[in-house]
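# Need the 3D shape of this:
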Amino acid sequence: MITKDQERQLALAGACQAAALVKSIARRGVVDADALEASISSILVTSPENTQQVYGANSNLRVGFVTLVAQLDNSGQKDAELTRYIASILSLERKLAKNKNALNELAQRVSHVQRQLAHVDFEHQQIISSLASIYSDIVSPLAPKIQVAGNPEHLGIESNQKKVRALLLAGIRSTVLWRQLGGRRRDILFSRKKIVASAREAMRLVN
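Residues are numbered from 1 along each chain as shown. Predicted structure coming up:
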């Protein structure tokens, strides 16, 4: 039986996974296909019965757990780029939470994409494009743009740009869930050992 703390770490790992996948696309032009699908799909699970249902199999969050532990475990070397992405996603979610008009429009647009799924496969570029547009139109304007660093050759490809935007939206979705489960930014600063221990236990459950 997964605990509330472990559920919270599932959501936080979801945000970390989105950040890690953004970096992978920007720097290397490639991405773990299963992790990408799990992250993007999470945006469209709007009425889950439990946290695990948002991401499918918990093993789909392996990239996120590895990133979360590496970023918070004092014994490891922190990745400043990932820290910036994660912090920006957390801040942007707070801006979104305070804007009712943006929240309502976001819900309507996501509902439209859910209807699209009845006619095309998840991997269809139209789904990625629609989610990327939601991020660009509704979420991104709420705060200074998240500057994604990487190889211009990879970032210049339109399909990669859309994946990055859709993943940032996935990061926001996971952060919303994390907040709903009681996650607080100060916990990341002052309760790192507890978060890492809980995340490691959740990782054990997905192996």
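# quick one: contacts of stretch 194-207?
2-3, 5-6, 8-10, 12-13, 57-59, 61-62, 65-66, 68-69, 72-73, 187-188 (C-beta atoms under 8 Å, 6 or more residues apart in numbering). (C-beta placed from N, C-alpha, C; glycine too.)
# In this protein, spot the helix with the most residues.
If you go by DSSP state H, the chain has its longest helix at helix 4-28.
# Flag every buried residue along it.
Across helix 4-28, burial judged by 16 or more other C-beta atoms under 10 Å covers 5-26.
# ranges for the helices of this structure?
Under DSSP H, the chain gives helices at 4-28, 33-42, 51-55, 62-72, 80-97, 100-116, 125-134, 152-155, 158-180, 185-190, 192-206.
# Can you say which of those helices is nearest to P141?
helix 100-116 (8.5 Å; C-beta to C-beta).
# Check which residues of the closest one are buried.
So for helix 100-116, counting by 16+ other C-beta under 10 Å, buried means 102, 106, 109-110, 113.
# And the residues you listed, which is closest to G182?
L106 (22.1 Å).
# Return the distance of that closest one relative to Q71.
Distance of L106 to Q71, given as C-beta to C-beta, to the nearest Å: 27 Å.
# Likewise for G14?
On the measure of C-beta to C-beta, G14 and Q71 end up 14 Å apart.
# swap in F190?
From F190 across to Q71, the span is 15 Å (C-beta to C-beta).
# Which one's more surrounded, those two?
More neighbours surround Q71 than the other of F190 and Q71, with 20 against 11 (other C-beta atoms under 10 Å).
# what residues are up against Y55?
Counting by C-beta under 8 Å, 6+ apart, Y55 touches 10, 14, 38, 41-42, 61.
# And these, which is closest to N151?
Looking across the contacts of Y55 and measuring by C-beta to C-beta, the closest to N151 is A38, at 24.5 Å.
# doesn't L61 make contact with that closest one?
Yes: with contact defined as C-beta atoms under 8 Å, A38 counts as touching L61 (6.8 Å).
# which neighbours do the two share?
The contact lists of A38 and L61 share 17, 55, where a contact means C-beta under 8 Å, 6+ apart.
# Which one of these two is surrounded by more residues?
L61 (32 against 25).
# ok, and the closest non-adjacent residue to that one?
A13 (4.8 Å; C-beta to C-beta, 6 or more residues apart in numbering).
# and the one residue sitting closest to the centre of the chain, what does it touch?
Centroid-nearest residue in the chain, with C-alpha atoms, centre = their mean: G171, separated by 2.3 Å. Contact partners of G171, counting by C-beta under 8 Å, 6+ apart, are 14-15, 18-19, 22, 39, 85-86, 89.
# What confidence value was assigned to it?
For G171, the pLDDT comes out at 98.
# So S42 is in contact with V176, correct?
No: taking C-beta under 8 Å as the definition, S42 is not a contact partner of V176, at 10.3 Å.
# Noted, bye for now.
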